[in-house]
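> requesting a structural model of the entry that follows:
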Amino acid sequence: MANKLCSGALRALAVEYKSLQEEPVEGFRVKLVNEDNLFEWEVAIFGPPDTLYMGGCFKARMKFPIDYPYSPPSIRFLTKVWHPNVYENGDLCISILHPPVDDPQSGELPCERWNPTQNVRTILLSVISLLNEPNTYSPANVDASVMYRRWRDSKGRDKEYENIIRKQAMAARAEAERDGIRVPLTLEDYCIKTHVKPAASDSQVEMTDFYDDDYDDDDDYDDDLSAGSDYADEDRDADDSGNGES
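Sure, this is the predicted structure:
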């Protein structure tokens, strides 16, 4: 059964990864941590324009279980993020990544939690939305939650929360630029247009955008699937002790 689940997860992840290379989504980009491992992705989340996070490039690690998409992945920020829904160790606490159980004390409805129809696109778009609109009812970082509410209720007059976020965004941008990553600063750059590859022709030039810089051309996902079976039986829970659940 475990091998069957792993095989299904590999197929699902291969399809999603290929789709995100061919049709990138505004606000983030993804790449594999290791080309031989489809179960661990590195994510760069760009701060949306006209928000406190504008100009920031926040790196995170996504780890997928062997029964994905029946169970949710986990997300841990590698970049320091002061946020009500991010633990001190970087683990993200968001409803969409919580198992669909009935837990009245959490304040979450089962329909707000994970279900197999979700995918990487919907997850990361939810994360981007959460950055600007934190959930303060069940915070992972109580101090950040109190500070955010104070900033919100004062309509921005209390600058403590805002100053911390802007400082982190600037530091994240500087690190990204050192790594050769172009961070979108305008709405035009941020809202990329999905492009369709033209038919092969010597006279046609394929359109590119800033999402394409760091990726190698690799259309042979069958190789990824076979390679993934080599580590399918390994215990992936050893370093996933925190799944970001509150």
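
> quick check: Ile94 touching Ser129?
No - if you go by CB atoms under 8 Å, Ile94 and Ser129 don't touch, sitting 9.6 Å apart. Glycine gets a C-beta too; all of them are placed from N, C-alpha and C.

> and the helix or strand hosting Ala171, what does it pack onto?
If you go by DSSP states H and E, Ala171 is part of helix 160-178. Packing partners of helix 160-178 (3 or more CB pairs under 8 Å, 6 or more residues apart in numbering; DSSP states H and E): strand 57-63, helix 142-153.

> centre of the chain versus it, how much separation?
How far helix 160-178 lies from its chain's middle: 18 Å, per CA atoms, centre = their mean, to the nearest Å.

> re earlier: quick one: which of the helices and strands packed on helix 160-178 is nearest Gln168?
Closest approach to Gln168 among those (CB to CB): strand 57-63, 8.3 Å.

> so which residues make contact with the closest one?
Strand 57-63 is contacted by residues 30, 33, 39-47, 73-79, 81, 90, 92, 120, 123, 172-173, 175-176, 181, 183, 236, 240 when judged by CB atoms under 8 Å, 6 or more residues apart in numbering.

> now do 7 Å
Defining contact as CB atoms under 7 Å, 6 or more residues apart in numbering, one finds that strand 57-63 is touched by 39-46, 73-79, 81, 172-173, 176, 181, 183, 240.

> so for Ile94 and Ser129, which sits in the more crowded spot?
Taking neighbours as other CB atoms under 10 Å, Ile94 and Ser129 compare with Ile94 leading, 24 against 12.

> got the phi and psi for the more buried one?
The phi/psi pair for Ile94 (degrees, to the nearest 10) reads phi -150, psi 140.

> pLDDT below threshold where in this structure?
Across the chain, the ranges flagged by pLDDT under 70 are 1-5, 101-111, 192-246.

> regarding it, what is its longest strand?
strand 37-46 (DSSP state E).

> and the strands in this protein?
Under DSSP E, the chain gives strands at 28-34, 37-46, 57-63, 74-77.

> packing partners of the first one?
Right, strand 28-34. strand 37-46, helix 120-132 (3 or more CB pairs under 7 Å, 6 or more residues apart in numbering; DSSP states H and E).

> out of the ones you listed, nearest to His98?
helix 120-132 (11.9 Å).

> please enumerate residues in contact with that closest one?
When contacts are defined by CB under 7 Å, 6+ apart, helix 120-132 is touched by residues 16, 20, 25, 27-28, 30, 43, 45, 48, 51, 53, 75, 83, 85, 92, 94, 96-97.
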